[in-house]
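>>> quick one, structure for this:
(one chain, ligands or ions: 1)
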Amino acid sequence: MIVKICGITQPQQAKEISQLGANYLGTIFYPKSPRYVDLDKIIEIKQSLNESTKLVVVVVNQDEKTVEELLYIADIIQFHGDEDYSFVKNFPKDRVIKVFRIKEESQIKQMEEYMKDDYCLLLDTYKEGMYGGTGETIDIQLLKKVLKLYDKIIVSGGLGLDNIKEVLSQIKPYGVDASSKLEIKPGIKDISKVKQFIEIVKSYESNN
Ligand SMILES: O=C(O)c1ccccc1NCC(=O)[C@H](O)[C@H](O)COP(=O)(O)O
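Residues are numbered from 1 along each chain as shown. As a prediction, the model looks like this:
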């Protein structure tokens, strides 16, 4: 099971979290986010990672040229905005995570073309006026309906030490993603919480 720790802003923390065994490490290339990092910082963070940790750069409605440039640095681009399939299909699908902020079952239809083409999807909490990093727990019942249809799903949205065991007792996703509940303040992770989160997920995976 993939463990993605997102919203990293400091190279030193990136190094520590990479060494703790995170599979993916996310950086936010979206200026309105309190976790925003610019290209220079993303490069510094990339240089801090060990070989086994992939760098994910999160974008929101970014232009095609910028995404192409980001792909020289990022291992994976996470489309967290309103990007449609016609835009997303321009990029190598093994280096793409497409996000759906889920609020109703009717959205499943929009996922179908991505499912057909074996994209990795990330399902996040829907919150009006926010693209991500809400800290609010995702609708588990709706999540279960999607997981019945497709495996390659990273689950996100308000995951933390208070709920990860309960969530994993109900679902076995392709991956999990966490950000704000593992922070001291936006963009600054609580390394002890991150360590515990990764240990819980990895031990759950090996015992089930
Ligand atoms: O984290 C942000 O500030 C953010 C802002 C805008 C778009 C995406 C953002 N985060 C992307 C992620 O993948 C987060 O990990 C995901 O939304 C879950 O966040 P949280 O509920 O805080 O764990």
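>>> for this structure, give me the ranges with low pLDDT.
Within the chain, no range satisfies pLDDT under 70.
>>> beta partners of the residue most central in space within the chain?
Nearest to the geometric centre of the chain sits residue 177, at 4.8 Å (C-alpha atoms, centre = their mean). Residue 177 has these beta-bridge partners by DSSP bridges: residue 4.
>>> that one against residue 23, yeah?
No. The pair residue 177 / residue 23 is not scored as a contact, 10.3 Å apart, by C-beta atoms under 8 Å. In short, each C-beta sits where N, CA and C put it, glycine included.
>>> what's the overlap in contacts for those two?
With contacts taken as C-beta atoms under 8 Å, 6 or more residues apart in numbering, residue 177 and residue 23 have residue 4 as neighbours in common.
>>> gap between the residue nearest to the centre of the chain and residue 155?
7 Å (C-beta to C-beta, to the nearest Å).
>>> which neighbours do these two share?
Counting by C-beta under 8 Å, 6+ apart, the residues touching both residue 177 and residue 155 are residue 122.
>>> figure out the helix or strand that residue 201 lives in.
For residue 201, the host element (DSSP states H and E) is helix 191-207.
>>> run through who's touching that helix.
Residues contacting helix 191-207 (C-beta under 8 Å, 6+ apart): 1, 3, 5, 13, 16-17, 20-22, 159-161, 164-165, 168, 176, 178, 181-182.
>>> among those, which are in reach of the ligand?
Subset of these in contact with the ligand: 159, 178, 181, counting by C-beta under 6 Å from any ligand atom.
>>> now tabulate those residues in a markdown table and tack on neighbour count.
Converted to a markdown table, those look like this (neighbours: other C-beta atoms under 10 Å):
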| residue | neighbour count |
| --- | --- |
| 159 | 25 |
| 178 | 30 |
| 181 | 18 |
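>>> now, which of those sits nearest residue 95?
residue 178 (21.7 Å; C-beta to C-beta).
>>> how about that closest one: what's its closest non-neighbour residue?
Spatial nearest neighbour of residue 178, excluding adjacent residues (C-beta to C-beta, 6 or more residues apart in numbering): residue 159 at 4.3 Å.
>>> so what's that neighbour up against?
Counted by C-beta under 8 Å, 6+ apart, residue 159 has contacts 137, 167, 176-178, 181, 197.
>>> do the same with residue 16
Contacts of residue 16 (C-beta under 8 Å, 6+ apart): residue 191.
>>> give me the phi and psi for it.
phi -60, psi -40 (degrees, to the nearest 10).
>>> any idea how far the residue nearest to the centre of the chain lies from residue 146?
15 Å.
>>> contact residues of the chain facing the ligand?
6-7, 26, 28, 30, 33, 35, 58, 60, 80, 124-125, 131-135, 156-159, 177-181.
>>> list just the nearest of the ones next to the ligand among the contacts of helix 191-207 to the ligand.
The closest of these to the ligand turns out to be residue 178 (C-beta to the nearest ligand atom; 4.8 Å).
>>> my guess is the closest one meets residue 5, correct?
Yes. Between residue 178 and residue 5 there is a contact under C-beta under 8 Å: 6.3 Å.
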